[in-house]
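S.K.: Pasted the sequence and its predicted model underneath.
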Amino acid sequence: MIQDYQDPLKIYQEKFKEIYAAIKNRDRGCLYAAITYLDPDNSEDICHYFGIDKNSTLNKDIEFCKPFLSSPIKDLSIFQIPLLKEFAKMKEEAERQAVEFANFFAPVKDNTEILTGIIIVAFILTALYIAVKQSEQRRKLNKTRNIRETQVKGRDRYLDYAQPRLTGLSRKPSVLCLVVPSYQFSGLNPGLQIPSSRVKELISSASYFFCDGSVQAIDQKVNLNFSGSSINFYSEEYAYIQLIIPEGEDMIRQDTKYSLKKKLPDGDAKINKIARLINLDGLENFISA
């Protein structure tokens, strides 16, 4: 499905003005209210994570926000956020861009600097919280998977050697499942046939993969949380694709993207399913790339 492009900056600016109108007359809990308005489903968890009080005064809110506005790279260490090492690698240019960001979004040019800063920090905290939780979830999945893979690899190696080698007979198909950034799915739809070169591109971009012999086997082992909404082809959020690989039997039980691509037969693959993911739950049987 082709979706109309929406300028992210325009969307954020409109959201910014809505939040500003909602909190401009408050004298307490402005940061708490801004986060609640921005992400009502996760606002309590976000505020609890960062220690934000819903009855905090305006002065306390701006004191809390100062590190994020004055030096968003260096001073965030006081919050002990797990992703700081990655953020620290960003250029110091980000500090200058934060000031430009504030000027761009300011709805008026009078004495609204305090609320402007608070709303910007609400955006920052919401994004940080999501990034932190996704990182924790990936680490948890990887830890569980490492234990499982240690037990399974020896068994699979034995089964691989024990199976008879058939020559001159057609290989059975396989079903390949990939978790890939949404922007990689641009132009793809269920039912479409894509060449093996395109399949290799998707494998290379995958963060998680799983391959089995049938859709029924996949349904028994994969329990992902799919969203009914359309995929945003301009986003980096994870999405799911399921491919039918004719004569792809040798791809089953491969545990690296390299071996998966090496065993991929020539010819077209059929897209059986594409879906947006609500979260990363249900990936226990997938292999982390």
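M.R.: Structure's in. What do you need? These figures come from a predicted structure and were not determined experimentally.

S.K.: ok, and the closest non-adjacent residue to residue 279?
M.R.: residue 225 (5.6 Å; C-beta to C-beta, 6 or more residues apart in numbering). In this view, the C-beta of every residue, glycine as well, is placed from N, C-alpha and C.

S.K.: er, residue 236 I mean
M.R.: Nearest in space to residue 236, with sequence neighbours left out and distances taken as C-beta to C-beta, 6+ apart, is residue 181 at 4.7 Å.

S.K.: Next: residue 239.
M.R.: residue 182 is the one closest to residue 239 (C-beta to C-beta, 6+ apart), at 4.4 Å.

S.K.: shouldn't that neighbour be in contact with residue 238?
M.R.: Yes: using C-beta atoms under 8 Å, residue 182 makes contact with residue 238 at a distance of 7.3 Å.

S.K.: Can you give me the buried ones in stretch 113-131?
M.R.: For stretch 113-131, the neighbour count (16 or more other C-beta atoms under 10 Å) marks 115-126, 128-129 as buried.

S.K.: follow-up on the earlier one: can you list phi and psi of the residue nearest to residue 236 for me?
M.R.: Backbone geometry at residue 181, expressed as degrees, to the nearest 10, gives phi -60, psi 140.

S.K.: Which parts of the stretch 101-250 of the chain are helices?
M.R.: Here the stretch 101-250 of the chain has its helices, by DSSP state H, counting those that start in this stretch, at 113-162, 196-205, 215-221.

S.K.: circling back: list the residues that contact the residue nearest to residue 239.
M.R.: Residue 182 is in contact with 231, 232, 233, 234, 235, 236, 237, 238, 239, 276, counting by C-beta atoms under 8 Å, 6 or more residues apart in numbering.

S.K.: Setting aside sequence neighbours, what's the nearest residue to residue 233?
M.R.: That would be residue 186: by C-beta to C-beta, 6+ apart, it lies 4.4 Å from residue 233.

S.K.: can you check residue 215 too?
M.R.: Leaving aside its sequence neighbours, residue 215 sits nearest to residue 175 (C-beta to C-beta, 6+ apart; 5.6 Å).

S.K.: re earlier: tell me the pLDDT of the residue nearest to residue 279.
M.R.: Looking at residue 225, its pLDDT reads 89.
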